[in-house]
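Undergrad: predicted model follows, preceded by the sequence.
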Amino acid sequence: MGSEGPKAVTIHVTGFKKFQGVAENPTESIVNNLKDFVERRGLPPGATLGSCTVIEAAGDGALPLLYQTLESGISSTTNNEQVVWLHLGVNSGALKFAIEKQAVNEATFRCPDELGWQPQQLPIVSEDGETSLARKTSCCTEEILKFLKKGAFDVMISDDAGRFVCNYVYYHSLRLAEQKGHKSLFVHVPLFSRIDQETQMLFVAALLEAIASTC
């Protein structure tokens, strides 16, 4: 029997709308412009940019739409295809990009989300048990970091995605990815006032290449 060869990689991307303290979320602009940007630059052979979706910066109230978004990228998957969910969020105090290694099962929102929910020390998924439980990405974060640093991007690996909506979405995505045999990764970006939009678009395009080359 012959080898099936390497799996094709399809990367679905999400960003967030505005939330308290961030009137213009850079990830909304990045995700809305990503398809056109990637079409001009191209991706490595075997890599495809799937859906690009901007979701509400909310937790429990936005959960049905989040799962609908995640499941929509799964329905058309073939056996010889690796699906990766890439979630982009903003850290308004950051000066560099951050690849998040994990999410924890705790929702402690520093302010109400965009639907008015503000949990404190609640498990994100109660059946998973303690709020201290962490789910880790199966993506090769160290290899992705090396790839991006070759492009001279100011990027680091982080093991704390906070406890707000970013961590909430990442936890649910990691959990679903594990169930479905897919991969999930969350990356925090700075505000455009810290790193300009063109550089951030170039970073995300390079990030797609890094993910495709390390899957």
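TA: Now that the structure is in, tell me what you want to look at. Numbering: from 1, shown residues only.

Undergrad: what about the residue lying closest to residue 33 once chain neighbours are set aside, distance to residue 208?
TA: Leaving aside its sequence neighbours, residue 33 sits nearest to residue 201 (C-beta to C-beta, 6 or more residues apart in numbering; 6.7 Å). Just so you know, the C-beta spots here come from the backbone N, C-alpha and C atoms, and that holds for glycine as well. To residue 208, residue 201 is 11 Å away according to C-beta to C-beta, to the nearest Å.

Undergrad: quick one, which of the two is more surrounded?
TA: Taking neighbours as other C-beta atoms under 10 Å, residue 201 and residue 208 compare with residue 208 leading, 23 against 19.

Undergrad: check contacts around that one.
TA: Neighbour list for residue 208: 11, 38, 43, 47, 49, 86 [criterion: C-beta atoms under 8 Å, 6 or more residues apart in numbering].

Undergrad: kindly export the one helix or strand the fifth one maps to (C-alpha atoms) in CSV.
TA: Pointing back at residue 49 there. Here residue 49, judged by DSSP states H and E, is contained in strand 47-55. Coordinates of each C-alpha in strand 47-55 appear next as CSV, following Å, rounded to 0.1, in the frame of the first residue of the first chain:
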residue,chain,number,x,y,z
ALA,A,47,-2.2,25.1,2.9
THR,A,48,-5.6,26.7,2.6
LEU,A,49,-7.1,29.7,4.4
GLY,A,50,-10.6,28.6,5.4
SER,A,51,-13.2,30.8,7.1
CYS,A,52,-12.4,34.2,8.5
THR,A,53,-15.0,35.1,11.2
VAL,A,54,-15.3,38.0,13.6
ILE,A,55,-17.1,37.0,16.8
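
Undergrad: so for whatever helix or strand comes next after it, what gets flagged as buried?
TA: Counting by DSSP H and E, the next helix or strand C-terminal to strand 47-55 is helix 63-72. For helix 63-72, the neighbour count (16 or more other C-beta atoms under 10 Å) marks 66, 69-70 as buried.

Undergrad: returning to that earlier point: so the residue nearest to residue 33 sits right up against residue 37, yeah?
TA: Yes: here residue 201 reaches residue 37: they are 5.2 Å apart, a contact under C-beta atoms under 8 Å.

Undergrad: contacts for the lowest-mean-pLDDT helix or strand in the chain?
TA: Ranking every helix and strand in the chain by mean pLDDT, DSSP states H and E puts helix 63-72 at the bottom, with a mean of 87. Residues from elsewhere that reach helix 63-72 (C-beta under 8 Å, 6+ apart): 14, 51, 53, 55-56, 85, 169, 172-173, 176.

Undergrad: how far off centre is that helix?
TA: With C-alpha atoms, centre = their mean, to the nearest Å as the basis, helix 63-72 stands 14 Å off its chain's centre.

Undergrad: same check, this time on stretch 14-23
TA: Relative to its parent chain, stretch 14-23 has a centroid offset of 14 Å by C-alpha atoms, centre = their mean.

Undergrad: equivalent analysis for stretch 171-189, please.
TA: On C-alpha atoms, centre = their mean, the centre of stretch 171-189 falls 8 Å from the chain's centre.

Undergrad: before we move on, what about stretch 113-126?
TA: Taking C-alpha atoms, centre = their mean, one finds stretch 113-126 lying 19 Å from the centre of the chain it belongs to.

Undergrad: for that stretch, C-alpha coordinates in CSV please.
TA: What follows is stretch 113-126, C-alpha atoms only, in CSV (Å, rounded to 0.1, in the frame of the first residue of the first chain):
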residue,chain,number,x,y,z
ASP,A,113,-18.4,41.2,28.4
GLU,A,114,-20.3,42.8,25.5
LEU,A,115,-23.5,40.9,26.5
GLY,A,116,-23.2,42.0,30.1
TRP,A,117,-21.9,38.8,31.7
GLN,A,118,-19.2,39.1,34.4
PRO,A,119,-18.4,35.7,35.9
GLN,A,120,-16.0,35.4,38.9
GLN,A,121,-14.0,32.3,39.5
LEU,A,122,-16.5,30.0,37.6
PRO,A,123,-15.4,26.9,35.7
ILE,A,124,-15.8,27.4,32.0
VAL,A,125,-16.9,23.8,31.6
SER,A,126,-18.2,22.5,34.9
